[in-house]
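Q: Sequence and predicted structure are below.
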Amino acid sequence: MVCEEQKIIPYVRHVQKLCERFRMIEFRHTPRIQNELPDALATIFSMIKHTDTDYIDFLDIELKEHPVHCSHVEAEPDGLPWYFDIKKYLESGTYPNDSMSNQKKSIRRMTLNFFLSGEVLYRRTPDLGLL
């Protein structure tokens, strides 16, 4: 494999090492227009600057056979609604008993997007409207 593009030389080296593990391997060029995922990854990579030119960040990508959509959750694992911790923090300033510091920080950050009026929890929109 010959590569003239300096940015992808570390990737070419890595692929060459991986090729040694296979008895036979075949490469086919697919135009970007026909392969959206690598095009998106290339765009993301072009925005990242690394001081070490031999640095390669590995990505684990899991492709599903069929798209999965979830528009309704039947029940939460703990039996409480998804917003319970947010509402409790807004009401009393308390966290769940088993909360770690990163979970507490996450709850505090999420509460910035909500407003409690009596028993009703509203979500703030970017224009400060309430949902």
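A: Sure thing, it's come through. Numbering: from 1, shown residues only.
Q: rest of the way, CA atoms for contacts and neighbours
A: Fine.
Q: Show me how the record splits the protein into domains.
A: If you go by automatic domain parsing, the domain ranges for the chain are 1-26+34-55, 84-123.
Q: what secondary structure does residue 122 sit in?
A: strand (DSSP: H, G, I helix; E, B strand; the rest coil).
Q: Show me which helix or strand of this protein is least confident by mean pLDDT.
A: Least confident helix or strand, the chain: helix 36-46 with a mean of 74, by mean pLDDT, DSSP states H and E.
Q: picking that back up, among the domains of the chain, which comes closest to residue 64?
A: Across the domains of the chain, the minimum distance to residue 64, taken as C-alpha to C-alpha, is reached by domain 1-26+34-55, at 13.3 Å.
Q: ok now the least confident helix or strand of the chain, how far from the chain's centre?
A: Counting by C-alpha atoms, centre = their mean, to the nearest Å, helix 36-46 is centred 15 Å from the centre of its parent chain.
Q: Which of the domains of the chain sits closest to residue 63?
A: domain 1-26+34-55 (10.5 Å).
Q: Could you list the low-pLDDT ranges of this structure?
A: Along the chain, segments meeting pLDDT under 70 span 1-2, 32, 47-59, 61, 67-77, 128-131.
Q: Which stretches in the chain count as helices?
A: Using DSSP state H, the helices found in the chain span residues 9-19, 36-46, 84-92, 101-111.
Q: Quickly compare those helices and say which is most buried.
A: helix 84-92 (a mean of 16; mean count of other C-alpha atoms under 10 Å).
Q: Who are the packing partners of that one?
A: helix 101-111, strand 114-117 (3 or more C-alpha pairs under 8 Å, 6 or more residues apart in numbering; DSSP states H and E).
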